[in-house]
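1. Predicted model and sequence follow; I will ask about them next.
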Amino acid sequence: MRVSKQNEARIVADGGREYGAFNSKLMAIVHVLIYFYALGEFYYLDRSVNSLTFIGMGLVVFSMYMLYMVSRLLSPIWTVKLMVAKNHQYVDHWLFRNIKHPNYFLNIVPELVGIILVCQAWYTALLLLPIYAIIMYIRIIEENKIIELLKVESF
């Protein structure tokens with residue numbers, strides 16, 4: 001989060017801008033709610049550690065590695081928010097060419113599924129994952145529009 005905040009400040013100071021601010025806020029709120037509800041469900045429903053816990057931990061570790069990779073590849077322009085820097089250059093790394101939206105599908109989805117499995121938070125999954133999926137779908141549509149504009153502008 002610290003790196004994202006620093007990059008956000010620099011992007012805005014250099015004339016960049018944010019898109020989809022309302023959706024980004026919703027995404028952040030529901031993301032945090034999934035953690036709180038999952039942990040609450042684990043604690044209050046007295047779930048026990050089992051093989052699902054370890055599968056979930058593996059997914060969380062994988063997701064953190066992918067977050068590291070994506071944030072490193074996008075380095076000065078990586079943010080949690082949907083932002084475009086002035087004179088933004090489209091990043092044409094093989095990961096982005098072969099996996100559309102790797103931050104969402106290789107970081108966020110495994111992270112949240114991992115947390116659900118670690119906590120065995122089935123009620124949280126039923127309640128909040130569909131809401132998060134809708135928010136992420138809207139975010140991807142917004143991001144796809146911006147990516148297409150960047151591709152056109154960079155050539």
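-> Okay, I see it.

2. now the strand or helix carrying Ile134, how far from the chain's geometric center?
-> Assigned by DSSP states H and E, Ile134 falls within helix 122-154. How far helix 122-154 lies from its chain's middle: 9 Å, per C-alpha atoms, centre = their mean, to the nearest Å.

3. Same check on stretch 71-85?
-> 12 Å.

4. Quick check: mean pLDDT of that stretch?
-> What stretch 71-85 shows for mean pLDDT is 90.

5. first to last residue in it, what's the distance?
-> 15 Å (C-alpha to C-alpha, to the nearest Å).

6. what comes into contact with that stretch?
-> 1, 3-4, 7-8, 10-12, 14, 16-21, 23-24, 28, 70, 88, 91, 93, 95-96, 139, 142-143, 146, 150 (C-beta atoms under 8 Å, 6 or more residues apart in numbering). Any C-beta I mention is one placed from the backbone N, CA and C, and that applies to glycine too.

7. Of those residues, which belong to strands?
-> Mapping the contacts of stretch 71-85 onto strands (DSSP state E) picks out Arg17, Glu18, Tyr19.

8. secondary structure class for the residue with the largest distance to the centre of the chain?
-> For the chain, the largest distance from the centre (C-alpha atoms, centre = their mean) belongs to Asp46, which lies 28.8 Å off. Counting by DSSP: H, G, I helix; E, B strand; the rest coil, the backbone at Asp46 sits in coil.
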